[in-house]
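Asks: here is the input, now give the coordinates:
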Amino acid sequence: MSRLPFLWMAVLLFACKSTPVPDNILPPVKMEAVMLDMLYADEFVNGYILVDTAKKRKTEHIKMYEQVFLIHKIDKKTFYSSLNYYQQHPNLNKVLIDSLLSGAIQHRDSMMMSRSMVPAPK
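Replies: Reported below is the predicted structural model:
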């Protein structure tokens, strides 16, 4: 199981070398990191922030996405043009999505493992 991330990284790097992306497009490794943070932002908004019914879903998502863009030092236009590029190149998009899925599964498994190691209250 510990070799899985390295295998996906090797596949991702191989895909990058075989089909280089233009300079104005986020490279696959960076795009994966941005998309993963956006997924986490969605989960945060849906699971924690929207408990407060006074907040607007779309507004809160936009705020979180802007924070993700700031963290990764990109802008909205760069992200969406990169997303469009990957959607138009199925071979790169598949590797990107598979890598995201692999990372999500690994994250879920580590969360489940850490929960199982917490001692039960007395």
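Asks: tell me the centre residue of the protein?
Replies: With distances taken as C-alpha atoms, centre = their mean, the residue of the chain nearest its centroid is L36 (1.2 Å).
Asks: now the particular helix or strand that has that residue in it: how far from the chain's centre is it?
Replies: Here L36 is covered by helix 28-47, with elements defined by DSSP states H and E. On the basis of C-alpha atoms, centre = their mean, to the nearest Å, helix 28-47 sits 4 Å off its chain's mean C-alpha point.
Asks: of all the residues in that helix, which ones are buried?
Replies: P28, M31, E32, A33, V34, M35, L36, D37, M38, A41, V45 (16 or more other C-beta atoms under 10 Å). All C-beta atoms are positioned from the backbone trio N, CA, C, and that covers glycine.
Asks: alpha carbons of that helix, as CSV, please.
Replies: Extracted in CSV, the C-alpha atoms of helix 28-47 (Å, rounded to 0.1, in the frame of the first residue of the first chain):
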residue,chain,number,x,y,z
PRO,A,28,-0.2,17.9,-13.8
VAL,A,29,1.5,17.7,-10.4
LYS,A,30,0.5,21.3,-9.6
MET,A,31,-3.0,20.8,-11.0
GLU,A,32,-3.5,17.8,-8.9
ALA,A,33,-2.5,19.7,-5.7
VAL,A,34,-4.9,22.6,-6.6
MET,A,35,-7.8,20.2,-7.3
LEU,A,36,-7.2,18.3,-4.1
ASP,A,37,-7.2,21.5,-2.1
MET,A,38,-10.4,22.5,-3.9
LEU,A,39,-12.0,19.2,-3.0
TYR,A,40,-11.0,19.7,0.7
ALA,A,41,-12.4,23.2,0.5
ASP,A,42,-15.7,21.9,-0.8
GLU,A,43,-15.9,19.4,2.0
PHE,A,44,-15.1,22.1,4.6
VAL,A,45,-17.8,24.3,3.3
ASN,A,46,-20.4,21.6,3.0
GLY,A,47,-19.6,19.9,6.3
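Asks: what's the spacing between the helix or strand just after it and its chain's center?
Replies: Next helix or strand after helix 28-47 toward the C-terminus (DSSP H and E): helix 57-71. Taking C-alpha atoms, centre = their mean, one finds helix 57-71 lying 14 Å from the centre of the chain it belongs to.
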